[in-house]
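> I would like to see how this sequence folds:
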Amino acid sequence: MMASFIPCCTKLNPIAQLLRTVATILLTAIFLLAFTAHAKDIQIKFVALDTTDEGYQYNADFEIMLNPVLEKALKKGIVLYFVTDFRLVSSRWYWLDKKIARSKRRDALSYYALTRQYRLSGGSLLQTQSFSTLKEALRVMSRVRNRPIFESSELQQDTEYIAKLRMRLDLSRLPKPFQVEALGSKEWNLSSGMLQWRITLPSQRLILVDKP
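As a prediction, this is how the structure comes out:
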């Protein structure tokens, strides 16, 4: 038998029904927002844009936490690829946004059982570092420093652009059986989400995001 909190002989007037419906929608929205925020295991903590002799570069700090499923996959020898993507686009009301500048890098995180070490490699030169703990490897990967931004000739300092930043687990690099397992699985859907904001390019250092 299903229990009810409202006596069957009582009818709510239309206003009370409307208020109850609105309250239910608001509570559901709050719950979903809280769940989404909790589900994000990569968080953007800090972003700063710098000028260089060649153009621009950016620095960023992330907080990366792997759930037990991903840690277990690492221990089984599965390499996890993380993509960090920063871009500047020009907004166009009549068509898709136009790409003006971009910086994209893929880092590979792996575990070697024989040496009991975690390895992190990435960049154009495939630089490799070894760590005794997963925490150390994630800490290094979460600190993005002096990452160059490759720009087009249309980039101008006096123009407002939309900046976008995201770090995510690249599921396309997983072995095929794990790609199938990752479909629709929140344990494998690891991403910071796309953070975006409007900026005018600086002539000096500009801190864009700084979270305690």
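> the strand or helix carrying Ala108 packs against which elements?
If you go by DSSP states H and E, Ala108 is part of strand 98-112. Strand 98-112 sits against strand 56-64, helix 68-75, strand 80-90, strand 117-122, helix 134-142, strand 143-151, with contacts defined as 3 or more CB pairs under 8 Å, 6 or more residues apart in numbering; DSSP states H and E. Where you see a C-beta, it was placed from the backbone N, CA and C, and this is true even at glycine.
> tell me the angle of that strand relative to strand 143-151?
Computed by axes from the mean of the first three to the mean of the last three CA atoms, to 10 degrees, the angle separating strand 98-112 from strand 143-151 equals 140 degrees.
> and strand 98-112 with helix 134-142, angle?
160 degrees.
> only alpha carbons, please: show strand 98-112 as CSV.
Only the C-alpha atoms of strand 98-112 are listed here, as CSV (Å, rounded to 0.1, in the frame of the first residue of the first chain):
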residue,chain,number,x,y,z
LYS,A,98,35.1,32.0,-35.3
LYS,A,99,38.2,30.4,-33.9
ILE,A,100,41.0,33.0,-33.3
ALA,A,101,43.5,31.3,-31.1
ARG,A,102,44.0,27.9,-29.4
SER,A,103,46.2,25.8,-27.2
LYS,A,104,45.5,22.1,-27.0
ARG,A,105,47.6,19.4,-25.3
ARG,A,106,47.1,15.8,-24.5
ASP,A,107,48.8,14.2,-21.4
ALA,A,108,49.1,10.5,-20.8
LEU,A,109,48.9,9.0,-17.3
SER,A,110,49.9,5.4,-16.8
TYR,A,111,51.0,3.0,-14.1
TYR,A,112,53.9,0.4,-14.4
